[in-house]
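1. fold the following and give me the result.
(2 chains)
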Amino acid sequence: MSALMKARLQEERKDHPFGFYAKPKKDKDGALDLTQWEAGIPGKEGTIWENATYPIQLQFPPEFPAKPPKVKFDQGFYHPNVYPSGTICLSILNEEQDWSPAINLKQIVLGVQELLDTPNPASPAQEPAWRAFQKDKATYQKKVLDQAKKYAT
Amino acid sequence: MTKDHNLKVILGEEKYNQIHNSKVLLVGAGGIGCELLKDLVLLGFGEIHVVDLDTIDLSNLNRQFLFRHKDIKQPKSTTAIKAVSGFNFHNSKLVPYQNSIYETDVFPLTWFDSFDLIFNALDNAEARSYINKIGLFLNKTILETGTTGTKGYVQATIPGQSACYDCTFRETPKTFPVCTIRSTPSQPVHCVHWAKNFLFSSLFGEDDDSVEDNSLEGKDASELGTDNQEELQALMKESNELIELKRSIVDESFEDKVIEKIFVKDIENLLKIEELWQQRTKPTPINYTPEYKAEILKITKEQLGTGQKLWTLEQNLSVLISSIRNLQARYSATTPIEFDKDDEDTLDFVVASTNIRSHIFNIPLKSKFDIKSIAGNIIPAVATTNAFIAGFSSLLSLGIFNNPDAFKDTRAIFASEAKDRFLSSGELDHPNPKCSACSVTRGVANIDLSLTFRQLIDALVEKYGYDEEIALSVGSKILYDLDLDDNVEKSFTELKVKYGDHLEILDETDVKGTVELYIETNTDGKITLPELVIPDKPKPVEEKKSEEDEDDDDDLEVFEENDEDELLIVEEKSIVSSVGGKRKLEDAEDNEPKKVKV
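-> The predicted model follows:
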């Protein structure tokens, strides 16, 4: 990995916003792999996402920070802007859109937290959550609350 | 008159002797390397070691002038040395290596240390960064070069004094989402990518679906660039049909089946997904009838002209058909065909299918020459640029030898396409204080790998006064930190640390700056750590600080003093796609604005 990538990722190991966690994953040799991270996104208080911490996986490509990390919730995560695979549709994570090498992990996790309760109906990534969010708020809320229970903190 | 008489007169006896008694390393024997080797031999460097892993390719011969047609497939390093031996007037000792520069068993740090100077003539950023690090570990000066077409540079890296190779951030080439390539192309390069990496490899490549671009499975929407299930299903179906189609490769009707499927049916299927075309121009399938084909088959080779000419749709179809016939004859399941820009059949297939697809999607067509350079990832290489950049590199080396003021006396040289100033030179930049390569303190440690991490940590604490809050890592692997203490009783071998690894020590209390140790090994049960002066970690700059404040930094003053003399050169971004090709990013792509003295 390039010297820049290493320095950036080492720097990312500290200073996480309150309620969040983020750390490199352990590999089979018992070392931490700086290219593979897991992080937890707390749902904002006062929203239907509250009282839960939603795990995400971040994969940093060799070209980081020229290219963004790939960020995923668990497969099947219920949210209008999350693809069935769990991949998050967020412009700051898209090389073609708003990614910039200056964006750090803190901005990413805060961006993902923000997205939870403010979905963007203009860029649907999955059918069920998107449809319910548009047409059946009661079902949407119930599903989100169920999911919050699953990830309750 | 002896052969070295003139050289002694020009250089002076003293300089001549210094050079004659020196030992230098040339990394790369390609475009710049061939030129540089010639220059170094003629300047009479005492010992020149040349490293290049590559063998000679037909496409090298137009500029790598030490190679001839008969040398194709021979190693570049040995061939280059054989070629210059004919004019080795000063009896330089010439040593070739056909190895990867990363091989630490062939090229241990001590080997690099035996050279007085390192000349880089490389073609990729990764190797440049590696040599840069070696230079930083050994405090050794590197003359770094690069060219792209008529642009080029020579820059000396003098550790501790000048900016290093990694002091500037470099962009990487863009990649394309799968669906842009497969269903909604909008630029010629999308069609080239499709023709080469999807269509060609699906039809003539290996049977399994190992070509990354062909598989939609395991990819998620961000890579695919779509969430449209209908579109994904259509693409999946397309791929499966292509596998079917491949089975009929022996049939005489194969060419028609390919054209009918790829340029008619698949397009018709895409048209059915209306969402795709709400904001895009609809593609138009070609009208492929027996009568039309009969007309196409009448087109002669002569009518196609040179590779610079833009072919019509019909001419592209005729090239496609003849290339399919040739490839069909060559193909068998045991010998799949790989795309090679110098293999006419494969190139013709890719050129023609690119253009037919472009026509369908209302994208401008391109000449065979243009498509070859996109598909082959060719960055234009101009022999003259290589020649004078190599020339400057060798001339600059004369001023660096045994010169304590080398930093002041050396110029960085840039060739640009600016009309009024083709060449410019400037003072060497100061190191970027934020550079993640050269702001690190470096040294060489000698470690018995059967010892444990605990023993190393104790030694580090004792030697450098760390407390135990440190993180130890090699590459992307963090092997120890306070929260990861289960590794402390493991040996280096167990944790897969080996000779030549770069072990990073990070002070997690944020007091000391980062240290990186090159690992040399012993079997005597010892850990020997280098004497290092570890500076404190620079205080992080407040994010809110305005730009004016940052300009107060000492290192930037150099620029300010000379403001009126400066010219801002912004080099263009490189325009390469991400895949394959022998000649990738040959040479520089320095995207940062460079301030250069006029």
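
2. for the rest of this, base every contact and every neighbour count on C-alpha atoms.
-> Noted.

3. helices along the stretch 451-598 of chain B, start to end?
-> B:453-464, B:547-550, B:554-561 (DSSP state H, counting those that start in this stretch).

4. next one: stretch B:510-528 to chain centre, how far?
-> 30 Å (CA atoms, centre = their mean, to the nearest Å).

5. burial of residue B:47, as a residue count?
-> Neighbours of residue B:47 under the rule other CA atoms under 10 Å in any protein chain shown: 21.

6. contacting residues for residue B:266?
-> residue B:238 (CA atoms under 8 Å, 6 or more residues apart in numbering or on different chains).

7. which SSE is it in?
-> Under the criterion DSSP states H and E, the helix or strand holding residue B:266 is helix B:266-272.

8. quote the end-to-end distance of stretch A:120-130.
-> This stretch, stretch A:120-130, spans 9 Å end to end (CA to CA, to the nearest Å).

9. same deal with stretch B:474-482?
-> 16 Å.

10. so what does the worst-scoring helix or strand of chain A on mean pLDDT touch, helix or strand wise?
-> None of the helices or strands of chain A scores lower by mean pLDDT, DSSP states H and E than helix A:127-135, at a mean of 89. Packing contacts for helix A:127-135, counted by 3 or more CA pairs under 8 Å, 6 or more residues apart in numbering or on different chains; DSSP states H and E, involve helix A:137-150.

11. quick one: the helix it packs on to helix A:127-135, angle?
-> 130 degrees (axes from the mean of the first three to the mean of the last three CA atoms, to 10 degrees).

12. please save the CA atoms from helix A:137-150 in CSV.
-> C-alpha atoms of helix A:137-150 as CSV (Å, rounded to 0.1, in the frame of the first residue of the first chain):
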residue,chain,number,x,y,z
LYS,A,137,-45.2,5.1,5.6
ALA,A,138,-46.7,2.8,8.3
THR,A,139,-45.1,-0.3,6.9
TYR,A,140,-41.8,1.6,6.4
GLN,A,141,-41.7,2.7,10.0
LYS,A,142,-42.6,-0.7,11.3
LYS,A,143,-39.8,-2.4,9.2
VAL,A,144,-37.3,0.2,10.3
LEU,A,145,-38.2,-0.2,13.9
ASP,A,146,-38.0,-4.0,13.6
GLN,A,147,-34.6,-3.6,12.1
ALA,A,148,-33.6,-1.2,14.9
LYS,A,149,-34.4,-3.9,17.4
LYS,A,150,-32.2,-6.3,15.6
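
13. what comes up buried for the helix holding residue B:266?
-> B:266-268, B:270-271 (16 or more other CA atoms under 10 Å in any protein chain shown).

14. after that helix, next one along is what?
-> Heading C-terminal from helix B:266-272 (DSSP H and E), you reach helix B:290-297.

15. so what's the gap between stretch B:397-410 and the chain middle?
-> Distance, centroid of stretch B:397-410 to centroid of chain: 29 Å (CA atoms, centre = their mean).

16. again with stretch B:456-463
-> The answer for stretch B:456-463 is 38 Å, by CA atoms, centre = their mean.

17. can you tell me what sits against it?
-> Under CA under 8 Å, 6+ apart, the answer for stretch B:456-463 is B:466-468, B:527, B:529.

18. could you do stretch B:428-444 as well?
-> Contacts of stretch B:428-444 (CA under 8 Å, 6+ apart): A:3-4, A:7, B:133, B:136-138, B:155-156, B:159-164, B:166-168, B:407-408, B:410-412, B:513-520, B:529-535, B:555.

19. buried subset of the residues you listed?
-> Counted by 16+ other CA under 10 Å, those give A:3-4, A:7, B:133, B:136-138, B:155-156, B:159, B:162-164, B:166-168, B:407, B:410-412, B:513-520, B:529 as buried.

20. got a list of what residue A:49 touches?
-> A:43, A:116-117, A:144-145, A:148.

21. again, but for residue B:492
-> Residue B:492 neighbours (CA under 8 Å, 6+ apart): B:449-453, B:498.

22. any figure for the gap between it and residue B:498?
-> Applying CA to CA to residue B:492 and residue B:498 gives a distance of 7 Å.

23. run the chain-centre distance for stretch B:376-396.
-> Distance of stretch B:376-396 from its chain centroid, counting by CA atoms, centre = their mean, is 16 Å.
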